[in-house]
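Asker: Model the structure of this input:
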Amino acid sequence: MMRFCSLLLALWLATPSANAAKLMLAPDWQLLAMTPAAAEGQTPPLLAPGTHHLLVRYEATLPARVNGDNDETLRSDPVLVTLEIGQEDVTLSPPALSSDKQKRQFAAAPTVIVTTASGHNQTPTQRKVTVDGFQLGLNYQQLLLTQIGQPVMATPSVPQGQAAVVATATSMDSQAATPLDSQLQQLFLQASPEQRKRFIGWAVQQF
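Answerer: Purely as a prediction, here's the structure:
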């Protein structure tokens, strides 16, 4: 029964992705956080049509000029980017930077170039987010939510009518669970209460 429910969940979750757009980043851009969050493990991330907030960072390596010296790594402060996503894939890239001086200047004031699959440039809303001190260990998802004015919430509670379904999913014998089972369980737990309600109503009708 659990395996059948997992297959139903897979089919249900797969339907909206037909209209999703791929988010691709040039090697010099690092994705730190995003909301709404993409499904865990999606590479590249798939974004449903609508407004998406991204936290990205420019990172580039400058080769050492003298033998024996270490390469220099440039890392910018995070950049908050707000995108309006349609059904076209989008790519985030930096401008063409030919010299080390240009790369250093860009790392100090980074801006994202957003290009659609058809070759059109978007003009997203973006701004640098200054982070004081070391960024190591920083929770970028919380930083993103704070920057866009959303509350930082704990793990959402499960409505009473869905508690039994979640309990069954999370109590499966780990030796019998497959990677697909684990992924589907994670996606269900990440879904909003309204999405869970719609899925359960749909799943019941399949029996």
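Asker: Go through this protein and flag its longest strand.
Answerer: Counting residues, the longest strand found in the chain (DSSP state E) is strand 50-62.
Asker: Ser118 contacts Gln87, correct?
Answerer: No. Applying CB atoms under 8 Å, one finds Ser118 not in contact with Gln87, separated by 10.8 Å. In this view, the C-beta of every residue, glycine as well, is placed from N, C-alpha and C.
Asker: neighbour count winner among the two?
Answerer: Set Ser118 next to Gln87 and count neighbours by other CB atoms under 10 Å: Gln87 wins out with 13 against 7.
Asker: What distance do you get for that one to Ala48?
Answerer: 10 Å (CB to CB, to the nearest Å).
Asker: before we move on, what about Ala108?
Answerer: Distance of Ala108 to Ala48, given as CB to CB: 34 Å.
Asker: Ala117 too?
Answerer: As judged by CB to CB, Ala117 and Ala48 stand 16 Å apart.
Asker: list the contacts for the residue lying closest to Glu84 once chain neighbours are set aside?
Answerer: Leaving aside its chain neighbours, Glu84 sits nearest to Thr51 (5.9 Å; criterion: CB to CB, 6 or more residues apart in numbering). Residues in contact with Thr51, defined by CB atoms under 8 Å, 6 or more residues apart in numbering, are 82-85.
Asker: Among these, find me the one that's closest to Gln147.
Answerer: Thr82 (10.2 Å; CB to CB).
Asker: Distance check, that closest one against Ala117.
Answerer: Here the distance between Thr82 and Ala117 works out to 20 Å (CB to CB).
Asker: hey, where'd the helices end up in the protein?
Answerer: Ranges of helices in the chain, per DSSP state H, are 2-14, 100-108, 140-147, 163-170, 179-190, 193-204.
Asker: angle of the second one against strand 50-62?
Answerer: Angular relation of helix 100-108 and strand 50-62 on a 0 to 180 degree scale: 140 degrees, by axes from the mean of the first three to the mean of the last three CA atoms, to 10 degrees.
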